[in-house]
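Participant: the sequence and its predicted three-dimensional model are supplied below.
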Amino acid sequence: MDDAAPRTDAVSRRRDAQRNYDALVAAAEIEFATAGPDVPLDAVVRRAGVGRGTLYRHFADRRALAAAIYERYTLEHEAWIAEHAAEPDIALRLLARMVGIQARTRGVMVILSRDPGGHRRMRGLEDRTRALLAVALERSQAAGVVAPTVTVDDLLLVLGMVEGALVGLPFEGAPDAAERVLQLVLPALTRGPADDTLLHHA
């Protein structure tokens with residue numbers, strides 16, 4: 001019995017499934033960023049060029065789609081860290097990468113924040129993000145590039161500030177706004193906080 005054909009068919013189906021998955025993730029990223037987090041999923045289906053049934057075979061809801069976008073970039077960050085681990089300014093460069101992606105993937109964090117901690121996969125991705133930042137931060141602090149008082153939570157706070165700055169902005173204005181936030185906070189990350197703050201004198 002020749003079982004080569006069934007094996008070939010199975011491989012073809014897996015490739016088709018992966019192609020559809022990738023198309024849906026790419027389409028969702030564009031739609032969430034340009035049309036907003038509440039864009040009808042039919043728009044994602046149309047952009048991906050697949051059927052609605054295909055969407056739900058891969059993703060239970062829009063949160064699962066958003067998590068898939070987050071995961072794709074997490075994988076990219078992990079590969080990038082492995083390649084650039086020896087660079088002294090790696091924490092700042094990683095932060096800049098993350099900020100740039102935030103500007104391109106508007107809507108994703110809005111969707112994910114609606115049910116914080118409620119998705120096991122998302123919790124795992126958040127842990128991986130913290131681990132990436134921790135590795136990069138340790139390297140940059142050891143090299144004297146980032147102030148020793150800066151913590152992973154501080155870097156996450158910067159990402160939260162960027163997300164807040166993007167609310168209500170047109171898609172075209174997002175990159176400039178994200179870059180501006182980064183420019184404002186970089187001196188604090190490299191010099192460390194001042195002894196006295198304006199809040200102390202308010």
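Facilitator: Nice, thanks for sending it over.

Participant: gap between the longest helix seen in the chain and the chain center?
Facilitator: Looking across the chain with DSSP state H, the single longest helix is helix 4-35. In this view, helix 4-35 has its centroid 20 Å away from the chain centroid, taken as CA atoms, centre = their mean, to the nearest Å.

Participant: model confidence over that helix, on average?
Facilitator: What helix 4-35 shows for mean pLDDT is 84.

Participant: need the three-state assignment for residue 42.
Facilitator: When classified by DSSP: H, G, I helix; E, B strand; the rest coil, residue 42 comes out as helix.

Participant: tally of neighbours for it?
Facilitator: As a burial measure, residue 42 scores 11 neighbours (other CB atoms under 10 Å). Glycine gets a C-beta too; all of them are placed from N, C-alpha and C.

Participant: correct me, but it touches residue 51?
Facilitator: No. Taking contacts as CB atoms under 8 Å, residue 42 lies outside contact range of residue 51: 10.7 Å.

Participant: now the residue nearest the centre of the chain. Nearest residue, chain neighbours left out?
Facilitator: Central residue of the chain (CA atoms, centre = their mean): residue 70, 4.3 Å from the mean position. Sequence neighbours aside, residue 125 is the residue nearest to residue 70 in space, at 5.5 Å (criterion: CB to CB, 6 or more residues apart in numbering).

Participant: quick one: pLDDT of that neighbour?
Facilitator: On the pLDDT scale, residue 125 is placed at 85.

Participant: cool, residue 172 as well?
Facilitator: 84.

Participant: then residue 52?
Facilitator: Note on residue 52: pLDDT of 94.

Participant: where in this protein is pLDDT low?
Facilitator: 1-12, 116-121, 192-202 (pLDDT under 70).

Participant: if we go to 90?
Facilitator: For the chain, the stretches with pLDDT under 90 are 1-16, 85, 106-107, 109-110, 112-126, 164, 166-175, 191-202.

Participant: domains in it, as residue ranges please.
Facilitator: 1-59, 62-192 (automatic domain parsing).

Participant: give me the contact list for stretch 179-190.
Facilitator: When contacts are defined by CB atoms under 8 Å, 6 or more residues apart in numbering, stretch 179-190 is touched by residues 91-92, 95-96, 99, 103, 145-147, 150, 154-155, 158, 161-162, 165.

Participant: mind doing that once more with 6 Å?
Facilitator: Stretch 179-190 is contacted by residues 99, 146, 150, 158, 161, 162, 165 when judged by CB atoms under 6 Å, 6 or more residues apart in numbering.

Participant: those: which two are farthest apart?
Facilitator: 146 and 165 (21.7 Å; CB to CB).
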